[in-house]
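>>> Below is the structure, and that's it, no one-letter string:
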C-alpha cells in the first residue's frame, strides 16, 4: 500500500460508507475510513539515495490506472513531497476541512508525502505509544505527540519534518526510531513500555519474598506497568500473593525447574517468551528484593542504554572471586586485571530484539556446563557464567544500575538513603532473608516515603 499524508498530518482515506475521499488525522480514529491506497509503488514516489547519486529527483508522469487514474504526478517544490494535477488544477488539502479542493497553483497545501504501509503503521504508533528522547531522557506520552503544519511531527523537544524522513529507517523499530531535524540533525526516540519480572521457584520462604517484593514494587517503587513471573506455581496461587491492584497486569509464565541450579538459571528463559519482545525496558530482579524509591528513572536509564546492565560488586574481583566467574576466566586463559564482577540478581535489559542473543548464550553455556561437568559443578552457575560472558563480549554495563541498588543486611534501614531497591542476597537462609525483607518493608511504611 502507498498512502498520502497531507501538510497538516492527516492521511487521505476512503470513507467506508460513502466511498468519498476524506482526511483523517494520524492522531485520530480510523473507524469510519481506511487509508486510500493510490496503487503506485512507494519506491517510485519517494526521493531515494539513488536519486541523489544520479542528481535526479525529478518526477513527472500520468497515472494510467487505479484511484488516481487521469491525474499527473510531479515533484513538489520541496523535492520530497508530490503534487497531483489534472486539467491545470492541483489537488489541495485545504485548511481545517475534511474535503479536498482544487487550486490553480501548487503551494503548501498541495503537497502530499507518500508513505508505505509499514511507514503508515509506524506513524500511527508514534501517537499511541510512550517515548523517551535519547539525547535528553525526556519522557513523552503518546497523548502529547502532535502533528503540526507543515508536514511536521512533534515528540517532546524533537520536531521533525516528515518529508525529510522518508523512507524511514526501521532497522530498530519498534524499539527505537531515528528522526532528522532540519533534514540532518540526528534525533533518536526510544519506546517506553516497561516490564519488571521475577523468577519464583522453591520453598515457601522464596514465595514469601516474592510477595514482599511485588508489594514494595507497587507501594514504594511507584510502578504501574506490567509484571511477569517465571514460576512452577499455580497462577491462582501467585495471584493470591500479589497486591490487589496487580493481578490484572501480572503475566504468569509457567516453567518447569527441578533444582536450585534451574531456579537460578530460569531468568534467562525470558528471551524465548514471544510477548517479551514487545517491552522496552525489561528489569529482572531476584525475589529477595525490596523496592524503596520510585524506579522510573532507573527504568528510563535502562531503556536508553545500548547494553545490558547489572550492579557492580566491589568485593568481587573478576581475577579471584569465584561467584563472579574467576574460575571460568582462568580456565579460558583470561586475566581481567583489576576489574570487578557484577551481581546478576538485578539485571537491566533494554529490549530483547537487541539482547536476546546474549541471554541465550548465557543459557546455553549454563546448560552445556551442567551437562558436561554436573549440575552442581558451579555453585553460582548463572552468575559465574553471566560474568564470563559479560567479560568476553563486553555486553554488560556495571555502572548504570549500581547507583540504584543497595545490599541488604543487618543494620540497613530506609533512613540511610533510599536509591530504588535493596537486594538482600547477603542475608543467609531463605526464611531469615524473608524476615529481614519484611522488617525493612515495615520500616518503609513507618517512614515518610518522600
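Okay, I see it. Just so you know, these numbers come straight off a predicted model, no measurement behind them. Residues are numbered from 1 along each chain as shown.
>>> Mind checking what helix or strand follows the longest helix anywhere in the chain in sequence?
Of all the segments of type helix in the chain, defined by DSSP state H, the longest one is helix 352-373. Elements were assigned by DSSP states H and E; along the chain past helix 352-373, the next helix or strand is helix 381-393.
>>> list the helices and strands that next one packs on?
Based on contacts counted as 3 or more C-beta pairs under 8 Å, 6 or more residues apart in numbering; DSSP states H and E, the elements that helix 381-393 packs against are helix 260-265, helix 326-331, strand 340-342, helix 352-373, strand 396-397. Glycine gets a C-beta too; all of them are placed from N, C-alpha and C.
>>> Identify each buried residue in the longest helix of the chain, please.
By 16 or more other C-beta atoms under 10 Å, the buried positions in helix 352-373 come out as 352, 354-356, 358-359, 361-363, 365-367, 369-370.
>>> Helix 381-393 and that helix, what's the angle between them?
120 degrees (axes from the mean of the first three to the mean of the last three C-alpha atoms, to 10 degrees).
>>> just checking, what packs against helix 352-373?
Helix 352-373 is packed against helix 260-265, helix 381-393, with contacts defined by 3+ C-beta pairs under 8 Å, 6+ apart.
>>> Would you mind listing the outside residues contacting that helix?
172, 175, 261, 265, 268-272, 276-277, 279, 282, 306, 308, 349, 377-378, 381-382, 385-386, 388-389, 393, 395 (C-beta atoms under 8 Å, 6 or more residues apart in numbering).
>>> need the next SSE after the helix or strand harbouring residue 122, C-terminal direction.
Counting by DSSP H and E, the element that carries residue 122 is helix 117-126. Scanning forward in sequence from helix 117-126, with DSSP H and E defining helices and strands, the next element found is strand 131-133.
>>> Direction included, what does that next one pair up with?
Strand 131-133 has the following sheet partners, assigned by DSSP bridges: strand 139-140 (antiparallel), strand 185-191 (antiparallel).
>>> closest to residue 438 out of the ones you listed?
Closest to residue 438 of these is strand 139-140 (C-beta to C-beta; 33.0 Å).
>>> dump the residue contacts of residue 160.
Residues counted as contacts of residue 160 (C-beta under 8 Å, 6+ apart) are 152-153, 179-181, 187.
>>> Taking those residues, please make a ChimeraX selection of just the buried ones.
Buried residues among the contacts of residue 160 (16+ other C-beta under 10 Å), as a ChimeraX selection:
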select :152,153,179,187
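>>> Columns secondary structure and pLDDT on top of the contacts of residue 160, output as TSV?
What follows is the contacts of residue 160, written out as TSV (DSSP: H, G, I helix; E, B strand; the rest coil; pLDDT from 0 to 100):
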residue	secondary structure	pLDDT
152	strand	92
153	strand	94
179	strand	95
180	strand	94
181	strand	92
187	strand	94
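>>> Closest one to residue 117 out of the contacts of residue 160, please.
The shortest gap between residue 117 and any of the contacts of residue 160 belongs to residue 153, at 18.4 Å (C-beta to C-beta).
>>> What's the separation between that closest one and residue 322?
The span separating residue 153 from residue 322 equals 53 Å under the rule C-beta to C-beta, to the nearest Å.
>>> How about residue 447?
For residue 447, the distance to residue 322 equals 37 Å [C-beta to C-beta].
>>> Check residue 85 too.
With distances defined as C-beta to C-beta, the gap from residue 85 to residue 322 amounts to 76 Å.
>>> What of residue 354?
Using C-beta to C-beta, one obtains 30 Å as the distance from residue 354 to residue 322.
>>> what's the answer for residue 257, then?
Using C-beta to C-beta, residue 257 is found at 23 Å from residue 322.
>>> who has more neighbours, those two?
Applying other C-beta atoms under 10 Å to residue 257 and residue 322 shows that residue 257 carries more neighbours, namely 18 against 15.
>>> Who are the contact partners of that one?
Residue 257 sits next to 201, 232, 263, 266 when contact means C-beta under 8 Å, 6+ apart.
>>> pLDDT score assigned to it?
Among the per-residue scores, residue 257 holds a pLDDT of 81.
>>> and it, what are its phi and psi?
phi -140, psi 120 (degrees, to the nearest 10).
>>> Looking at the helices and strands packed on helix 352-373, which is nearest to residue 317?
Taking C-beta to C-beta, helix 381-393 is the member of the helices and strands packed on helix 352-373 nearest to residue 317, at 11.1 Å.
>>> tell me the domain ranges of the chain?
Per the record, the chain has its domains at 2-117, 121-191, 195-446, by automatic domain parsing.
>>> about what we covered before: could you dump the strands paired with strand 131-133 to JSON lines with distance to residue 110?
Shown next, in JSON lines, are these (distance: least, C-beta to C-beta, whole Å):
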{"stretch": "strand 139-140", "distance to residue 110": "31"}
{"stretch": "strand 185-191", "distance to residue 110": "27"}
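>>> So for residue 55, which of the ones you listed sits nearest?
Per C-beta to C-beta, nearest to residue 55 of the strands paired with strand 131-133: strand 185-191, 24.0 Å.
>>> Residue 388 and residue 22, how far apart?
60 Å.
>>> Which residue of the two possesses the greater neighbour count?
Summary of the neighbour comparison: residue 388 and residue 22, criterion other C-beta under 10 Å, with residue 388 having more neighbours (25 against 19).
>>> hang on, isn't the more buried one packed against residue 332?
Yes. Residue 388 lies in contact with residue 332 (C-beta atoms under 8 Å); the separation is 7.5 Å.
>>> Mean pLDDT lowest where, among the helices and strands packed on helix 381-393?
helix 260-265 (a mean of 82).
>>> how about that helix: buried residues?
So for helix 260-265, counting by 16+ other C-beta under 10 Å, buried means 261-265.
>>> Partner strands of the next helix-or-strand element following that helix, with direction?
From helix 260-265 onward toward the C-terminus, using DSSP H and E, the following helix or strand is strand 282-285. Using DSSP bridges, the strands paired with strand 282-285 are strand 195-200 (parallel), strand 346-349 (antiparallel).
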